[in-house]
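Enquirer: task: produce atomic coordinates for the following.
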Amino acid sequence: MVLIQQEDTDEHNANSPQAATAKSSITTTIADADGFETASDTDLATGDDDNGGGEAHKEKTALDQANDAKLEGNKLFGDGQYEEALSQYELALQVAADMASSVEIRSICHANRAVCFMKLGKYDSTIKECTKAIELNPVYVKAMIRRGEAHEKLENYEEAIADMKKILEIDPSNDQARKTIRRLEPLAAEKMEKKKEEMIEKLKDLGNSVLGRFGMSIDNFKAVKDPKTGNVGDQNNKTNTDEGFEHFLGDHRTALTKVHHMIQNGLKSGGLGSMEDLKHEKR
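Expert: Numbers count the residues shown, from 1 in each chain. As a prediction, this is how the structure comes out:
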């Protein structure tokens, strides 16, 4: 079961001694397991009043509103109201859009929207939201794990493995990613084998549609091993092949002859004649 990340419900940290002693910066940060610094909800709302009004004030107000929407989303998520939570996280993203200081909260909101979509069984949307979170924070391990889980649900095993390998690049000690790779690799190999078989069948169908014009099919060919070179090649039923080709070529020779006669007659009469002549030709 995937739980919403702890940093999104960290309002209980606001009154801790650690939070109370970090007022020298705009926000108090709490390091989480992903190496991403998560702003304390209380300090997101305080800002730095030394900058005065103008843009700084607008930015502070926007961050306050975004943080409030995020907290409401967390509450709704906890109550199992995933659609409503999605709306609140989206509101936070809209309010805090395109601000350098909002990168952190936007990344978290995208990740939390991914969890909501996961709960709703909308795995494609989960992947999209996780990707947005990772674009904002390239070392967001939790978002990578979540995206890998969604890929697995969709049987995109290669993509899930790629996410786990990326996690190991960031955190070589991540045992969860390592175990997931070992579990998914056989499934990925099995799926690849099925794809190969399906492709072979499609190629056979295509080959039969082409060879059918010569009165042949794939069955006219068989793989044989050259005793001298060891190479595997195709051997066909020569009689059927030659007869089929001559039949095909004969039809086209007749058609070309008719076209030639039409052109010659057309040049003599000032026109190209009628295509009806070809319609009565036996094929």
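
Enquirer: okay, CA-based contacts and neighbour counts for the rest of this
Expert: Noted.

Enquirer: and the strand or helix carrying residue 163, what's buried?
Expert: Applying DSSP states H and E as the criterion places residue 163 in helix 157-170. Going by neighbour count (16 or more other C-alpha atoms under 10 Å), the buried part of helix 157-170 is 157, 158, 159, 160, 161, 163, 164, 165, 166, 167, 168, 170.

Enquirer: so who does the fourth one touch?
Expert: By C-alpha atoms under 8 Å, 6 or more residues apart in numbering, residue 160 lies in contact with 147, 148, 149, 150, 151, 152.

Enquirer: ranking by neighbours, what's the top pick from these?
Expert: Ranked by neighbour count (other C-alpha atoms under 10 Å), the contacts of residue 160 have residue 147 at the top, with 30 neighbours.

Enquirer: returning to what we had before: return the member of the buried residues of helix 157-170 nearest to residue 186.
Expert: Each of these was scored against residue 186 by C-alpha to C-alpha, and residue 157 proved nearest at 9.4 Å.

Enquirer: where in the stretch 151-283 of the chain is pLDDT low?
Expert: In the predicted model of the stretch 151-283 of the chain, residues 214, 218-227, 230-283 satisfy pLDDT under 70.

Enquirer: mind listing the strands for the stretch 101-250 of the chain?
Expert: Counting by DSSP state E, counting those that start in this stretch, residue ranges of the strands within the stretch 101-250 of the chain are 221-225, 232-236.

Enquirer: turn the buried residues of helix 157-170 into JSON lines, including distance to residue 65.
Expert: Written out in JSON lines, the entries for the buried residues of helix 157-170 read as follows (distance: C-alpha to C-alpha, whole Å):
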{"residue": "157", "distance to residue 65": "39"}
{"residue": "158", "distance to residue 65": "40"}
{"residue": "159", "distance to residue 65": "36"}
{"residue": "160", "distance to residue 65": "35"}
{"residue": "161", "distance to residue 65": "38"}
{"residue": "163", "distance to residue 65": "33"}
{"residue": "164", "distance to residue 65": "35"}
{"residue": "165", "distance to residue 65": "37"}
{"residue": "166", "distance to residue 65": "34"}
{"residue": "167", "distance to residue 65": "33"}
{"residue": "168", "distance to residue 65": "36"}
{"residue": "170", "distance to residue 65": "33"}
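
Enquirer: out of these, which is nearest to residue 119?
Expert: Ranking the buried residues of helix 157-170 by separation from residue 119, with C-alpha to C-alpha as the measure, puts residue 160 on top at 18.3 Å.

Enquirer: distance of the nearest residue to that closest one once chain neighbours are set aside from residue 130?
Expert: Computed as C-alpha to C-alpha, 6 or more residues apart in numbering, the closest residue to residue 160 that is not its neighbour in sequence is residue 148, at 4.2 Å. Relative to residue 130, residue 148 is positioned 9 Å away (C-alpha to C-alpha, to the nearest Å).

Enquirer: with that, I have no additional questions.
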